[in-house]
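Peer 1: how would this look folded up:
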Amino acid sequence: MRKDWGSAGQKFDEALMVDSTLTEPILKNVQVYKNINPIYAKEMLQRLKRMDPSNVEADRQLGDISYSMDEYKDAVAAYGSYYANTQEPDINAVKNYVLSLYATQDFPKALEIANIVLAKEPKDINMRRMKFYNLYETKDYQGAAAAMDYFNAGEYPDTLYNYRDYNYRGLTLEQTKDYGGALEAYNKAIKLNPGAVAVYKSLSSIYGKMGMYDESVTSYKTYVDSLGSRCDLIELFGLGRAYYNAITQGTDSVKKVGYLAEGDKVFAKIMADAPTSTLGPLWRARINNVLNATTPNDSVLAYYGETLKRLEGKDDPSTKAEALNYHAWYALQKDDEANATKYCDEILAIDPTNQMATQIKAYFKAKASLQ
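Peer 2: Presented below is the predicted three-dimensional model:
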């Protein structure tokens, strides 16, 4: 009672040395140690739970300590037991339960409990954002759009909104095709937290949808650079796609040449680092063919050839047909009837209605009839 925590802990420990089964000194000791030695406090609560599995107060305090330590999986387990076995659960514990459920990506359950809390405290901004976030995560985009009403002007001070609020707002507006609103929201999120690297990826997406391909490339490049060593090949592939889209849909011919060189570097790295995947050689072929598709290109042919090698034993008829199409067209340009016919036959075995293969074979047949 005097808040002499050190002496209190010592005396509670002495009581437990006399009788280790006493519930009261265990719970009191947890209060003493939870802020200075939370691991020890958790151990005491776990010991109490082994002695008394039905002790809901131990569940609540286990949840509180786990939540404070960012151990959300443990918090969910403890709060879940507490919530299920308590008639009138502590409202703060329930709110922490919702946040822990969200952190462990149990979005449907988090949404369910958040709605229960909001029935009692409809203006709690944390629970309103939890409802909004979890509606989005459960792909109820119309519901999420309606749940954004906590952004109503003047309802809360601006300082209560965080970058995640604006990021989810941008994601929701993007889903409902309000691209201008989404762009504004993403920029607000970045302003509030410049280190939120995932938002740059979202910015790239929205710029692409708005036809702002240079900005799309710049944003995705910032995203990849910010990831550093954490950037995997899938994320890197996204940068290559951003370059490809800027070439195929942008308008600046000078920039397109630069984008081709940078995009080819990206796909070359993927080709080298993922030696069994077709993504690298396939997209090197595509990006190197895009600016002058009417001229046979030996490099493009080689990349499509590598694609076919990597397809051996794999079931991907559309990619195989694309690679064979280029081989057949290349042979046609070189007036190589034998190879053109061979590749056309392979194409038609995959797709009997393939128009290009049919026309190439008809061309050589007509040519032969004239000789």
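Peer 1: CA only for contacts and neighbour counts going forward, please
Peer 2: OK.
Peer 1: how far away is Pro194 from Ile91?
Peer 2: With distances taken as CA to CA, to the nearest Å, Pro194 is found 34 Å from Ile91.
Peer 1: quick check, central residue of this protein?
Peer 2: Ala198 (8.0 Å; CA atoms, centre = their mean).
Peer 1: report the contact partners of Gln46.
Peer 2: 58, 62 (CA atoms under 8 Å, 6 or more residues apart in numbering).
Peer 1: surely the residue nearest to the centre of the chain meets Tyr223?
Peer 2: Yes: contact criterion CA atoms under 8 Å: Ala198 and Tyr223 qualify, at 6.7 Å.
Peer 1: which stretches of the stretch 251-371 of the chain have low pLDDT?
Peer 2: 371 (pLDDT under 70).
Peer 1: pull out the buried residues from the longest helix along the chain.
Peer 2: For the chain, the longest helix by residue count, based on DSSP state H, is helix 253-273. Residues of helix 253-273 classed as buried by neighbour count (16 or more other CA atoms under 10 Å): 256, 259-260, 262-264, 266-268, 270-271.
Peer 1: and stretch 187-196, by the same measure?
Peer 2: So, applying 16+ other CA under 10 Å, buried residues of stretch 187-196: 187-190, 196.
Peer 1: quick check, nearest of those residues to Tyr244?
Peer 2: Tyr244 lies nearest to Asn187 out of the buried residues of stretch 187-196, by CA to CA, at 24.3 Å.
Peer 1: show me what contacts that closest one?
Peer 2: Leu203.
Peer 1: may I have the helix or strand hosting it as PDB, with CA atoms only?
Peer 2: Assigned by DSSP states H and E, Asn187 belongs to helix 179-192. Coordinates of each C-alpha in helix 179-192 appear next as PDB, following Å, rounded to 0.1, in the frame of the first residue of the first chain:
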ATOM      1  CA  TYR A 179      -7.900   7.000 -57.200                       C
ATOM      2  CA  GLY A 180      -7.500  10.700 -56.400                       C
ATOM      3  CA  GLY A 181      -8.700  10.200 -52.900                       C
ATOM      4  CA  ALA A 182      -6.400   7.200 -52.500                       C
ATOM      5  CA  LEU A 183      -3.400   9.200 -53.700                       C
ATOM      6  CA  GLU A 184      -4.100  11.900 -51.200                       C
ATOM      7  CA  ALA A 185      -4.500   9.400 -48.300                       C
ATOM      8  CA  TYR A 186      -1.200   7.600 -49.200                       C
ATOM      9  CA  ASN A 187       0.700  10.900 -49.300                       C
ATOM     10  CA  LYS A 188      -0.800  11.700 -45.900                       C
ATOM     11  CA  ALA A 189       0.400   8.400 -44.500                       C
ATOM     12  CA  ILE A 190       3.900   8.900 -45.800                       C
ATOM     13  CA  LYS A 191       4.000  12.400 -44.300                       C
ATOM     14  CA  LEU A 192       3.000  11.000 -40.900                       C
END
